[in-house]
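Colleague: would you be able to build a 3D model of this:
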Amino acid sequence: MAVLVQFGIGLLFGLGLVLAGMSDPAKVLNFLDLAAIGDGGWDPSLALVMLGAVIVTFLGYRRVLRRDRPFFDTRFHMPGAPRLDLRRVTGPVIFGIGWGIAGFCPAPVLTALATGGGMAWAFLGAMLGGMATARWLGAR
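Modeller: So this is what the prediction gives:
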């Protein structure tokens with residue numbers, strides 16, 4: 001049952017990404033192009049999508065964490081206070097650089113695969129290669 005609920009949530013999330021246009025890398029790149037603010041080419045819609053996600057997450061956490069335990073587990077698995085180290089800095093930096101170059105991040109690239117764009121497939125290969133490299137380096 002838990003897998004079906006998770007699948008449904010993933011489908012809903014993917015549908016939201018597609019409807020918001022976040023599977024189009026040009027939309028993301030137009031948001032990241034701050035130089036285009038003055039000439040009207042800047043697209044603030046990604047900020048609105050992020051704001052909506054933050055609001056839903058904030059309200060969802062407040063509601064869910066009032067429960068004694070989650071629906072499909074015996075306890076909540078919450079992160080502790082992280083120490084700032086090299087891995088916690090370089091990972092987001094590499095993610096941001098890749099996002100800024102390609103206009104994709106992991107979830108939207110999966111929705112973009114359905115359109116058959118070659119850039120989405122290239123990004124997926126680079127992302128999987130980067131993940132494998134990170135695991136290999138972490139195991140050393």
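
Colleague: let me know how buried the nearest residue in space to Thr115 that is not next to it in sequence is, in neighbour terms.
Modeller: Distances taken as CB to CB, 6 or more residues apart in numbering place Ser23 nearest to Thr115, at 7.2 Å, with adjacent residues excluded. Glycine gets a C-beta too; all of them are placed from N, C-alpha and C. When counting by other CB atoms under 10 Å, one arrives at 24 neighbours for Ser23.

Colleague: next up, the contacts around Ser23.
Modeller: Counting by CB atoms under 8 Å, 6 or more residues apart in numbering, Ser23 makes contact with 17, 108-109, 111-112, 115.

Colleague: how far away is it from Asp43?
Modeller: To Asp43, Ser23 is 14 Å away according to CB to CB, to the nearest Å.

Colleague: now do Val93
Modeller: In terms of CB to CB, Val93 sits 24 Å off from Asp43.

Colleague: neighbour-wise, which of those two wins?
Modeller: Neighbour count, other CB under 10 Å: between Val93 and Asp43, Asp43 has more, with 18 against 9.
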